[in-house]
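Asker: next input, structure requested:
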Amino acid sequence: MRVVVIGGTGHVGTYLVPRLVEAGHAVVVVSRGGREPYSPHGAWHAVQRVTLNRAAEEKAGTFGQKIRALEPDAVIDMICFTLESAQHLVEALRGQVQHFLHCSTVWVHGYTTTVPVTEDAPRHPVGDYGIKKAAIEAYLHTEARSNGFPETCILPGHIVGPGWVPLNPQGNFNPDVYAKLARGEEVTLPNQGQELLHHVHADDVAQLFMKALANWNAAVGESFHAVSPAALTLRGYAEAVAAWFGQQANLTFLPFAEWQATVSEKDADATWGHMEHNPNCYSIVKPRRWLDYQPRYSSLQAIYEAVQRLIADGVIAVSGQLSAISQKAESRLLAAEG
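Answerer: Take a look at the predicted model:
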């Protein structure tokens with residue numbers, strides 16, 4: 001199959017593109033250029049690279065036709081963020097593609113009633129990102145059910161992998177939180193630290209895209225969560241990270257209104273953005289049963305791998321303590337989530 005991946009050099013594409021090549025597909029990666037995958041892989045030598053500025057091409061009304069001209073059997077769109085962008089591409093690809101896969105987000109759910117949240121839960125999105133992604137998902141499913149457009153939506157949680165900072169135990173992306181936990185220093189969490197975060201390794205998201213591509217009948221017209229088997233509380237997450245370094249977490253707690261004054265505006269905004277989507281806990285019963293999705297990583301295993309890389313790259317300063325992680329962490333990972 002000839003598969004075009006739009007935005008294929010990012011977090012998920014780093015793992016998805018090699019999987020596609022190894023499965024025997026002819027792969028075309030469309031990007032703005034200038035970015036390489038987060039991790040090298042020999043499979044990239046077999047990939048056709050096409051440089052397109054999506055925003056400029058859409059403004060000119062030419063992006064969809066240029067994607068169609070690549071003659072794809074399947075298109076995987078990793079970087080669609082507006083309804084207009086989705087509509088433009090669908091109209092261009094109608095009657096051309098056998099399968100169109102859209103990378104959405106668990107944030108299409110917004111406020112929820114029960115947990116774990118299932119894919120068929122009513123949508124009450126909050127925030128600009130979640131609202132726009134929910135509108136795209138609704139449009140695509142209408143196109144599938146009313147007009148036969150063969151689409152599937154994959155809904156990742158907080159994507160983790162080596163090469164970028166994971167969502168941390170405060171619910172933001174400040175790497176200093178890991179360094180403080182590693183040194184046994186005080187870390188203050190918002191409220192009581194019981195908010196939930198649901199991470200997923202980028203390779204597990206890639207796995208689910210592959211499963212959907214291989215199971216057309218089950219996947220078309222459907223949404224599937226791409227998350228790890230279990231979510232983490234902020235407190236449990238912080239305690240686990242501290243334990244990797246042989247520390248007991250030194251945690252304090254403040255109501256969010258007071259806590260936000262202790263961090264930067266950027267960190268406070270990121271934390272609030274994740275807290276307002278609580279509870280972040282999503283079911284994977286559907287992708288397991290329908291597509292045989294089998295995530296390889298727990299949340300903590302995925303985060304651990306990312307933290308190791310950040311230490312090696314000097315992003316997290318824990319001089320002399322990397323060996324402590326290597327020796328102690330593996331035996332604790334599964335126990336911490338069990």
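Asker: only C-alpha atoms for contact and neighbour calcs from this point on.
Answerer: Will do.
Asker: now do the SS call for residue 9.
Answerer: coil (DSSP: H, G, I helix; E, B strand; the rest coil).
Asker: which phi and psi does the closest residue to it other than its chain neighbours have?
Answerer: In this structure, residue 9 finds its nearest non-sequential neighbour in residue 37, 4.8 Å apart by Cα to Cα, 6 or more residues apart in numbering. Note on residue 37: its backbone torsions stand at phi -60, psi 160 [degrees, to the nearest 10].
Asker: helix, strand or coil for the residue most central in space within the chain?
Answerer: The centroid of the chain falls nearest to residue 159 when counting by Cα atoms, centre = their mean (3.1 Å). Using three-state DSSP, the structure places residue 159 in strand.
Asker: ok, now how distant is it from residue 210?
Answerer: Counting by Cα to Cα, to the nearest Å, the gap from residue 159 to residue 210 is 17 Å.
Asker: secondary structure element holding the residue nearest to residue 294 when sequence neighbours are not counted?
Answerer: Nearest residue to residue 294, sequence neighbours excluded (Cα to Cα, 6+ apart): residue 288, at 6.6 Å. For residue 288, the host element (DSSP states H and E) is helix 285-291.
Asker: what helices or strands is that helix leaning on?
Answerer: helix 202-214, helix 216-219, strand 222-226 (3 or more Cα pairs under 8 Å, 6 or more residues apart in numbering; DSSP states H and E).
Asker: quick check: domain ranges of the protein?
Answerer: 2-159+200-226, 163-198+232-278+297-337 (automatic domain parsing).
Asker: indicate which one of the ones you listed is closest to residue 284.
Answerer: domain 2-159+200-226 (6.0 Å; Cα to Cα).
Asker: what mean pLDDT does the closest one get?
Answerer: For domain 2-159+200-226, mean pLDDT is 97.
Asker: turn the helices and strands packed on helix 285-291 into a markdown table, columns for distance to residue 137.
Answerer: Shown next, in a markdown table, are those (distance: least, Cα to Cα, whole Å):
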| stretch | distance to residue 137 |
| --- | --- |
| helix 202-214 | 16 |
| helix 216-219 | 14 |
| strand 222-226 | 8 |
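Asker: output the ones you listed as a markdown table; include the columns mean neighbour count and distance to residue 133.
Answerer: As requested, the helices and strands packed on helix 285-291 are arranged in a markdown table below (neighbours: other Cα atoms under 10 Å; distance: least, Cα to Cα, whole Å):
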| stretch | mean neighbour count | distance to residue 133 |
| --- | --- | --- |
| helix 202-214 | 23 | 17 |
| helix 216-219 | 16 | 19 |
| strand 222-226 | 26 | 12 |
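Asker: and of those, who's closest to residue 143?
Answerer: Across the helices and strands packed on helix 285-291, residue 143 has its closest neighbour in strand 222-226 (11.5 Å, Cα to Cα).
Asker: residue 202 touches residue 15, doesn't it?
Answerer: Yes - under the criterion of Cα atoms under 8 Å, residue 202 makes contact with residue 15 at 6.9 Å.
Asker: phi first, then psi, for residue 313.
Answerer: Taking degrees, to the nearest 10 as the convention, residue 313 sits at phi -90, psi 0.
Asker: that older thread, extract the C-alpha set from the helix holding residue 288 and format it as CSV.
Answerer: The C-alpha trace of helix 285-291 is given here as CSV (Å, rounded to 0.1, in the frame of the first residue of the first chain):
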residue,chain,number,x,y,z
VAL,A,285,-11.2,-1.9,25.9
LYS,A,286,-12.4,-1.0,22.4
PRO,A,287,-9.0,-0.9,20.6
ARG,A,288,-8.0,-4.0,22.4
ARG,A,289,-11.1,-6.0,21.4
TRP,A,290,-11.6,-4.5,17.9
LEU,A,291,-8.0,-4.0,16.8
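Asker: so which bits of that helix are buried?
Answerer: Within helix 285-291, the residues that count as buried by 16 or more other Cα atoms under 10 Å are 285, 286, 287, 288, 291.
Asker: number of nearby residues for residue 95?
Answerer: Residues within reach of residue 95, counting by other Cα atoms under 10 Å, total 11.
Asker: show the residue spans covered by the strands in the stretch 101-250 of the chain.
Answerer: For the stretch 101-250 of the chain, the strands defined by DSSP state E, counting those that start in this stretch occupy 151-156, 158-160, 186-190, 196-197, 199-201, 222-226, 232-233, 250-254.
Asker: tell me which of those is the most buried.
Answerer: strand 199-201 (a mean of 30; mean count of other Cα atoms under 10 Å).
Asker: what residues does that strand touch?
Answerer: For strand 199-201, contacts defined as Cα atoms under 8 Å, 6 or more residues apart in numbering pick out 156-161, 226-228, 231, 297-299, 302-303.
Asker: check stretch 191-198 too.
Answerer: So stretch 191-198 is contacted by 157-158, 171, 227-228, 230-235, 253-256, 259, 274-275, 278-282, 299 (Cα under 8 Å, 6+ apart).
Asker: coming back round to it: to residue 3, which of the helices and strands packed on helix 285-291 lies closest?
Answerer: helix 202-214 (9.9 Å).
Asker: so which elements touch the closest one?
Answerer: By 3+ Cα pairs under 8 Å, 6+ apart, helix 202-214 packs against helix 13-22, strand 151-156, helix 216-219, strand 222-226, helix 285-291.
Asker: if we can go back for a sec, could the buried residues of helix 285-291 go into a markdown table alongside distance to residue 125 and pLDDT?
Answerer: What follows is the buried residues of helix 285-291, written out as a markdown table (distance: Cα to Cα, whole Å; pLDDT from 0 to 100):
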| residue | distance to residue 125 | pLDDT |
| --- | --- | --- |
| 285 | 22 | 98 |
| 286 | 21 | 98 |
| 287 | 22 | 98 |
| 288 | 25 | 98 |
| 291 | 26 | 98 |
